[in-house]
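sequence-free structure coming up:
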């Protein structure tokens, strides 16, 4: 049952959930169900953002690679 959503899919569904809650024409039970779903979707978005931040940090920490090896030798 574990559905794998992309960040974009989870965010779109979260936005729909928020709109439905903001409309206010729900029973308490329906609103609580949507709130629970929204929290689940927010967690998925947060996990995707954490993963992206980790990748960015790893890229920034990687040593720079010179485009041309000859430049490292300096002037002849």
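That came through, no problem. Remember, predicted model here, so these are calculated numbers, not experimental data.

Tell me which residues of the longest helix belonging to the chain come out buried.
With DSSP state H applied, the helix covering the greatest number of residues in the chain is identified as helix 28-61. Across helix 28-61, burial judged by 16 or more other C-beta atoms under 10 Å covers 34, 37, 38, 41, 44, 45, 48. All C-beta atoms are positioned from the backbone trio N, CA, C, and that covers glycine.

That one - contacts with which helices or strands?
Helix 28-61 is packed against helix 7-23, with contacts defined by 3 or more C-beta pairs under 8 Å, 6 or more residues apart in numbering; DSSP states H and E.

now the helix it packs on and helix 28-61, what's the angle there?
Compare the direction of helix 7-23 with that of helix 28-61 by axes from the mean of the first three to the mean of the last three C-alpha atoms, to 10 degrees and you get 150 degrees.

Pull out the buried positions in helix 7-23.
Quick answer for helix 7-23 (16+ other C-beta under 10 Å): 10, 11, 13, 14, 17, 20.

In a markdown table: those, plus distance to residue 56 and pLDDT.
Formatted as a markdown table, the buried residues of helix 7-23 follow (distance: C-beta to C-beta, whole Å; pLDDT from 0 to 100):
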| residue | distance to residue 56 | pLDDT |
| --- | --- | --- |
| 10 | 19 | 98 |
| 11 | 19 | 98 |
| 13 | 25 | 98 |
| 14 | 22 | 98 |
| 17 | 28 | 98 |
| 20 | 33 | 96 |
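
can you redo the residues you listed as a markdown table with distance to residue 61?
What follows is the buried residues of helix 7-23, written out as a markdown table (distance: C-beta to C-beta, whole Å):
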| residue | distance to residue 61 |
| --- | --- |
| 10 | 28 |
| 11 | 28 |
| 13 | 33 |
| 14 | 31 |
| 17 | 36 |
| 20 | 42 |
